[in-house]
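K.L.:
Sequence and predicted structure below; questions after.
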Amino acid sequence: MSRERFSVTVEGWRSLGDGLEANAADHPNFEPLRLQLKEMTARAFDLVTQRNALESQKQAVTNELQTLLEEGRKVASFLRAAMKASYGNRSEKLVEFGIRPFRHRSRPSSAGEPST
């Protein structure tokens with residue numbers, strides 16, 4: 001099955017249907033199939049129109065989502081800084097807000113030191 005472009009495929013359907021319609025007397029047994037192809041052609045154009053509308057709607061929603069995420073990140077960053085300022089950056093209370101408190105790094109113990 002070939003993968004033709006939409007316009008080539010559907011215009012081919014339209015041309016075939018027009019030819020069958022013009023010569024309907026020669027091929028009366030193909031009339032139901034011609035009508036089916038005509039409906040498929042119209043439906044294909046409707047679906048492309050719908051797809052294009054959805055694509056533009058998708059782009060608008062994506063833009064709105066990006067704006068919302070940017071603003072939300074700013075607000076969340078401000079609130080995290082406010083919680084650190086309120087409780088101190090070492091407070092374990094920060095964990096309740098999903099913020100890691102600053103913790104001292106433990107010094108590695110010296111294995112070579114003799115213990116007395």
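P.N.:
Nice, thanks for sending it over. What you see is a predicted model, and the numbers here were worked out from it, not measured in a lab.
K.L.:
Which other helices and strands does the helix or strand hosting D46 contact?
P.N.:
Element membership for D46, per DSSP states H and E: helix 31-87. Packed against helix 31-87, as judged by 3 or more CB pairs under 8 Å, 6 or more residues apart in numbering; DSSP states H and E, are the following elements: helix 6-22. C-beta here means a position set from N, CA and C on the backbone, and glycine is covered the same way.
K.L.:
Could I get the average pLDDT for the helix it packs on?
P.N.:
Confidence for helix 6-22, expressed as mean pLDDT, is 93.
K.L.:
Would you mark the buried spots in it?
P.N.:
Within helix 6-22, the residues that qualify as buried by neighbour count (16 or more other CB atoms under 10 Å) are 10, 14, 17, 20.
K.L.:
Tell me the one among those nearest to F78.
P.N.:
The shortest separation between F78 and any of the buried residues of helix 6-22 is 53.6 Å, and it belongs to V10 (by CB to CB).
K.L.:
who's in contact with the closest one?
P.N.:
Contact analysis of V10 by CB atoms under 8 Å, 6 or more residues apart in numbering lists 41, 44-45.
K.L.:
Adding pLDDT and neighbour count, write the residues you listed out as a markdown table.
P.N.:
Below are the contacts of V10 laid out as a markdown table (pLDDT from 0 to 100; neighbours: other CB atoms under 10 Å):
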| residue | pLDDT | neighbour count |
| --- | --- | --- |
| T41 | 95 | 18 |
| A44 | 95 | 15 |
| F45 | 92 | 13 |
